[in-house]
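**Student:** what follows is a predicted protein model with its sequence.
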Amino acid sequence: MRLKIDQTSLRVSSNTGDRLRGEQVVCFQRLYKKHLATSSRVPPRLFNSHLRRESPKMTNRIPQDFDYFLVLDFEATCDQERLIQPQEIIEFPVLKINASSYEIESTFHEFIKPVHHPTLTDFCTRLTTISQAEVDNGKSFHTVMHLFDTWIKKEVGLDKKFLFITCGDWDLKTMLPSQCKIENIQVPHYCDMWHNIKKSYSLKTGVYVKGMMPMLTGLKLQHIGTHHRGLDDCKNIANILRALADRGCKFQPTNYNE
């Protein structure tokens, strides 16, 4: 099946105009002109990708200093009325985001079996929806760190410029260094620098927020998945990153580990 673009498809009636945004019409017009210039037909499976490539031109995006953004959001052992010591990471998700298209290009995701507090509290299970079976079947922290390092080198590349994106400083400032210290593992050098997305949101909107949900509300983004489920949180943070990029944000490191 081939998609045929003709001039009549670009005319927008008053009723249709109420449903389509102006930039969508411009995008269709650009594609039509390209179609005329090349005298080729655009297959339906390629048409949406054409639209996605055109969409950054209709935003206020500016060039970034990085090739990729790595959105990271740990989940760890926890309890409601007491601080578990030591806390251990139980979900380790990272999304590789292209810093030009803001598309997700690769995903790293592993569950980790806790050692010091192997049984999850009822509060932790309710908060994260992570089950005891998932962590029981998870890998050791040592193994996951090795797999993560392999993923970084293969899927991202140490020769590329990348920046971790987090919702707060806890993940890379506190949680990862503390567990690496307990497990006698050196924190990877590429984890020593990150961008706290709440800082960009505050600078762009003038509103300080404590978490992810107010940013989604403020940017009129729909929450997807389950809150406090690490991989779902990463996807929502990626949407916040994309929305702020559309508003002209330039993402730079906001914190470092010495």
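**Tutor:** Done, it's in. Numbers count the residues shown, from 1 in each chain.
**Student:** against which helices or strands is the host helix or strand of Asp149 packed?
**Tutor:** Per DSSP states H and E: Asp149 is located in helix 141-151. Helices and strands touching helix 141-151, as assessed by 3 or more C-beta pairs under 8 Å, 6 or more residues apart in numbering; DSSP states H and E, comprise strand 89-98, strand 104-111. For the C-beta atoms, the positions are set from N, CA and C on the backbone; glycine is no exception.
**Student:** okay, the ones you listed, which one's buried deepest?
**Tutor:** Sort the helices and strands packed on helix 141-151 by mean neighbour count, taking mean count of other C-beta atoms under 10 Å, and strand 89-98 sits at the top with a mean of 23.
**Student:** neighbouring strands for that strand, and are they parallel or not?
**Tutor:** With DSSP bridges as the test, strand 89-98 is paired with strand 68-72 (antiparallel), strand 75-76 (antiparallel), strand 104-111 (antiparallel).
**Student:** between helix 141-151 and it, find me the angle.
**Tutor:** Interaxial angle, strand 89-98 versus helix 141-151 (axes from the mean of the first three to the mean of the last three C-alpha atoms, to 10 degrees): 10 degrees.
**Student:** Arg242 sits in which helix or strand?
**Tutor:** helix 230-246.
**Student:** please enumerate the helices of the stretch 101-250 of the chain.
**Tutor:** 122-128, 132-136, 141-151, 176-182, 197-205, 212-218, 230-246 (DSSP state H, counting those that start in this stretch).
**Student:** go through the fourth one and flag the buried ones.
**Tutor:** Judged by neighbour count using 16 or more other C-beta atoms under 10 Å, the buried positions of helix 176-182 are 176, 178-180.
**Student:** re earlier: helix or strand next in line after the helix holding Arg242, which one?
**Tutor:** Assigned by DSSP H and E, the successor of helix 230-246 is strand 255-256.
**Student:** mind giving me the packing neighbours of that next one?
**Tutor:** strand 193-196.
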